[in-house]
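# Just to be clear, the model below is a prediction. Sequence and coordinates:
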Amino acid sequence: MAVSEPNLSLVTLLDGLARAVREGAPVAWPGESGRLDRETMIAAQRSIRANRQPVTLPLPTDPAEEEAFDRDFIARFGIHPREEPEKVLSVSFKAW
């Protein structure tokens with residue numbers, strides 16, 4: 001089956017997940033890696049807002065950022081991202 005370039009990373013991720021389930025192999029991209037990716041994106045945003053000054057990792061929590069994320073998530077999906085974890089699991093993030 002041919003896979004187009006934009007879908008290659010998704011197919012690789014799903015294949016790795018399937019192998020982890022079927023064969024007990026380690027997942028190709030664990031949740032910790034996704035969290036580090038997100039922290040890197042937030043760090044870049046903070047640096048941009050601070051006139052491209054360096055930021056220190058790990059990032060300290062910014063309550064204003066957390067509240068803004070929650071508001072945006074609720075506005076987009078109609079549920080709170082941390083208060084209703086069961087419902088979050090049913091959200092399609094493809095459009096995010």
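Thanks, I have the structure now.

# How is the chain divided into domains?
The chain breaks down by automatic domain parsing into domains covering 10-60, 61-96.

# could the ones you listed go into JSON lines alongside mean neighbour count, mean pLDDT and distance to Ser4?
Any C-beta I mention is one placed from the backbone N, CA and C, and that applies to glycine too. JSON lines is the format used below for these (neighbours: other Cβ atoms under 10 Å; pLDDT from 0 to 100; distance: least, Cβ to Cβ, whole Å):
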{"stretch": "domain 10-60", "mean neighbour count": "11", "mean pLDDT": "90", "distance to Ser4": "9"}
{"stretch": "domain 61-96", "mean neighbour count": "11", "mean pLDDT": "86", "distance to Ser4": "16"}
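
# For Lys90, which three-state class applies?
One thing to correct before we go on: residue 90 is Ser, not Lys. At Ser90 the chain is in coil, as set by DSSP: H, G, I helix; E, B strand; the rest coil.

# ok, it - contacts?
With contacts defined as Cβ atoms under 8 Å, 6 or more residues apart in numbering, Ser90 has no neighbours.

# Can you tell me how far it is from Gly78?
According to Cβ to Cβ, to the nearest Å, Ser90 and Gly78 sit 11 Å apart.

# What is the subsequent helix or strand relative to the helix or strand harbouring Met41?
Applying DSSP states H and E as the criterion places Met41 in helix 31-49. Where DSSP H and E defines the elements, the next helix or strand beyond helix 31-49 is helix 63-77.

# any idea of the angle that following helix forms with helix 31-49?
Orientation check (axes from the mean of the first three to the mean of the last three Cα atoms, to 10 degrees): helix 63-77 against helix 31-49 gives 110 degrees.

# So what touches helix 63-77?
42, 79-82, 88, 91, 96.

# can you list contacts of stretch 8-18?
3, 25, 27-29.

# Cool, thanks, signing off.
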